[in-house]
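The sequence and its predicted three-dimensional model are supplied below.
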Amino acid sequence: MRTITSFMYKLQPYERGIQETFGKYTGFIHPGLGFQFPSVQIIRVRDIREHTMNIPPQSVITEDNVEIHVDGVMWVRPGADEDSIKRTFYNIDDWRQAIIQLTITNLRQEFGNLTLDESLVAREKIGTNLQSVLNVYGRDWGLQVSKVEIMLIDPPDDIKKAMHKQKTAEQERRAMRLLATGEFEAAEQQKLAIIQRAEGEREAAIKVAEGKAEAIRLVNEAAEHFFKGNAQAFKQMEMTENSLRNNAKIVITEKGISPTLLLGSLPVSVSTDVQQEH
């Protein structure tokens, strides 16, 4: 705030003012050049730009009784209209100090409603809640809070160490879980490979067995066909072999073997179509 007591004055585009005559409000001053009577009039000027205001570090107690240190920053500006400018002068003595103290009070209340774990992930929520509360009270002071940001949330050293250990343990659990998942997937792949190999071997064995069965079937068919037409000849050969083994007499004729088997005292004539080999 600045005060003008000279005869001629000038307000910048980002300034608004009030004029007092004999200590009483008499008018709203817009940007530009103007004149007044210095002996009886003064002009109080307010900067209506956004004001960046730091929230000083504060110790707050969370719902689970953990003391943490927090700080932040907010952006506040006086309203540009006549009523708001009047409020900044007549409804509060020091609007900057007032808004900071209001912020600190509500900051402690916000963190008091949250546990430590909730506080660490609730920066945006806390900032939004503070902005809403500050705008409700700041309206009576002609102020508008544009944004509140929580910058630092600092737990005690022992809490930070415990959190670090917890994080490390969680990372190790994740690594072990990933490793176990990889080993399980590898075992599953190996199992599938064994099953597929066994299936292949089984199919190959079935095909080999089917081939052998087919070969046996073909041999049986050929043998059956061959022996059916030559059964008599094979029978005569078998008898001849048995006769020779038993010292029987065989008569060989020009037409082939026509032996007379002397079995005991009974001569048996055996005729055959087997030709004598010369």
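Structure received.

List the buried residues for the strand or helix carrying M151?
Element membership for M151, per DSSP states H and E: strand 143-154. Within strand 143-154, the residues scored as buried using 16 or more other CB atoms under 10 Å are 143-145, 148-150, 153. Where C-beta positions appear, they are placed from N, C-alpha and C, glycine not excepted.

Which residue ranges of the stretch 101-250 of the chain form helices?
For the stretch 101-250 of the chain, the helices defined by DSSP state H, counting those that start in this stretch occupy 116-120, 123-138, 157-245.

Packing partners of the second one?
Counting by 3 or more CB pairs under 8 Å, 6 or more residues apart in numbering; DSSP states H and E, the packing neighbours recorded for helix 123-138 are strand 67-78, helix 95-112, strand 143-154.

Just the residues contacting that helix, thanks.
72, 74, 76, 99, 102-103, 106-107, 110-111, 114, 119, 144-150, 153 (CB atoms under 8 Å, 6 or more residues apart in numbering).

so how far is the first residue of stretch 10-22 from its last?
The first and final residues of stretch 10-22 sit 21 Å from each other (CA to CA, to the nearest Å).

just how off-centre is stretch 139-156 within its chain?
Between the centre of stretch 139-156 and the centre of its chain there are 34 Å (CA atoms, centre = their mean, to the nearest Å).

same question but for stretch 213-223, I mixed them up
The answer for stretch 213-223 is 64 Å, by CA atoms, centre = their mean.

Of the helices and strands packed on helix 123-138, give the one that comes closest to T26.
strand 67-78 (19.9 Å; CB to CB).

ok, the closest one: who's next to it in the sheet?
Strand pairing for strand 67-78, determined by DSSP bridges: strand 51-61 (antiparallel), strand 143-154 (antiparallel).
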